[in-house]
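Undergrad: I need the structure of the sequence given here:
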Amino acid sequence: MQALRWHGVKDLRVETIEEPSALQGKVKIKVEWCGICGSDLHEYAAGPIFIPEGAPHPLTGEKAPVVMGHEFSGQVVEVGEGVTRFKAGDRVVVEPVFACGHCAACKQGKYNLCEKMGFLGLAGGGGGFSEYVAADEHMVHHIPDSVSYEQGALVEPSAVALYAVRSSRFKVGDRAVVFGAGPIGLLVIEALKASGAAEIYAVELSPERRSKAQELGAIALNPADVDVVQEIHRLTEGGADVAYEVTGVPAVLNQAIQSTKISGQIMIVSIFEREAPIHPNQIVMQERNIAGIIGYRDVFPAVISLMQQGYFAADKLVTKRIDLSEIVEQGFEALLKEKSQVKILVSPQPSK
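TA: The predicted model follows:
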């Protein structure tokens, strides 16, 4: 079968590899659509970050080159011995988190904080940028007929957004600000809408992404035109209840801190590639709270339910659909060069 594998920085190759088998406890899935994630882009431009290079990953036993792609949907074509929850023909998505099940975090049910945690499509185990994937049964979730395969490919990134909102101190009727209106930032806006936000502000330089944020119901601010900290304090009469930092830019983190009210919260959603200096007095003197999340846990069913209600709609977030053969130039390179792109979906099936 055809699959995209990471060999190194700026070295992604569509190659012919062996098709996976439905071994014991595994669900073999024909991939319909897979989204290109910001994490995938970081691996392409500046990796390895999550991809194991040199030494194999402790849970998968694999190292580069590995198949990429972890935001995907598809149809079950075969199940291995012992699988009871799925059958051929089922429509599914995969929660691509590998966890050991034995460390302190896993024993507390916090599998996303596993000391050996990895992602299918980054740490090995196959990936969504391939024609077929074989995943452990516990990682697979049903999607109803009312949720399209395109929509299904958005479940994983939407889970990050919903988990960020659920993990914060946000309450119904609060006013929130989202710094960064890329794919995850836009999904955070959707999650805030679903959670009952009174007002949502989006801070974004890109005019195309500001427009998307407005389309989703946010009040968009251009940091090139206004002092966004002052403007948010003016508009909210004292500061936002919660600020979500979704850029990974050190200067923006400081803006997010300063934009919140007394006793407000800053939720860090992004992964930072370098240190971000902050002044502790910004926290201490206003009794603010800073928290962060990595990935998600126990939210896939809620995301799928919200999608049935019309949230996280693919037609508002997907800006391009391409074939696997086009993935490097029309996918990864396009995301690096074109700020108008939000979510690009890839079909690994030859027939599409």
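Undergrad: phi, psi of the most centrally placed residue in the chain?
TA: Centroid check for the chain by CA atoms, centre = their mean gives Pro157 as the closest residue, at 3.0 Å. Per-residue torsions, Pro157: phi -70, psi -30 (degrees, to the nearest 10).
Undergrad: how about it, what does it touch?
TA: Gly35, Cys37, Glu71, Pro183, Ile184, Leu187, Lys343 (CB atoms under 8 Å, 6 or more residues apart in numbering). Bear in mind the C-beta positions are built from the backbone N, C-alpha and C, glycine included.
Undergrad: Can you tell me which of those is closest to Met117?
TA: Minimum distance to Met117 across the contacts of Pro157 is 15.9 Å, recorded for Cys37 (CB to CB).
Undergrad: Tell me, how many residues neighbour the closest residue to the closest one other than its chain neighbours?
TA: Of all residues not flanking Cys37 in the chain, Glu71 sits nearest, at 5.5 Å (CB to CB, 6 or more residues apart in numbering). Using other CB atoms under 10 Å, Glu71 has 30 neighbouring residues.
Undergrad: How is this protein divided into domains?
TA: Taking automatic domain parsing as the reference, the chain has its domains at 2-154+312-347, 158-292.
Undergrad: Relative to Leu306, which of the ones you listed is closest?
TA: domain 158-292 (5.4 Å).
Undergrad: what mean pLDDT would you report for that closest one?
TA: In this model, domain 158-292 has a mean pLDDT of 97.
Undergrad: sorry, back to before: take the contacts of Pro157 and keep only those in helices.
TA: Within those, residues falling in helices by DSSP state H are Pro183, Ile184, Leu187.
Undergrad: For the second one, list the residues it contacts.
TA: Counting by CB under 8 Å, 6+ apart, Ile184 touches Gly38, Pro157, Val160, Ala161, Val246, Val269, Ser270.
Undergrad: Now flag whichever of those residues is closest to Ser146.
TA: For those, the nearest to Ser146 is Pro157 (19.6 Å; CB to CB).
Undergrad: separation between that closest one and Leu235?
TA: As for Pro157, its distance to Leu235 is 28 Å (criterion: CB to CB, to the nearest Å).
Undergrad: what's the answer for Val92, then?
TA: 43 Å.
Undergrad: Between these two, which is the more surrounded one?
TA: Neighbours per residue, other CB under 10 Å: of Val92 and Leu235, the larger number sits with Val92, 23 against 16.
Undergrad: just so I have it, where are all the strands in the stretch 251-352 of the chain?
TA: Listed in chain order, the strands of the stretch 251-352 of the chain (DSSP state E, counting those that start in this stretch) span 260-268, 289-292, 318-323, 343-347.
Undergrad: what does the first one rub up against?
TA: Applying CB under 8 Å, 6+ apart, the contact partners of strand 260-268 are 164, 167-170, 177, 236, 238-245, 253, 256-257, 286-293.
Undergrad: that older thread, could you dump the contacts of Pro157 into a markdown table with distance to Gly82 added?
TA: Formatted as a markdown table, the contacts of Pro157 follow (distance: CB to CB, whole Å):
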| residue | distance to Gly82 |
| --- | --- |
| Gly35 | 30 |
| Cys37 | 31 |
| Glu71 | 27 |
| Pro183 | 36 |
| Ile184 | 35 |
| Leu187 | 35 |
| Lys343 | 35 |
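Undergrad: what about Met267, how many neighbours?
TA: For Met267, using other CB under 10 Å, the count is 24.
Undergrad: again, but for Leu122
TA: Counted with other CB under 10 Å, Leu122 comes out at 28.
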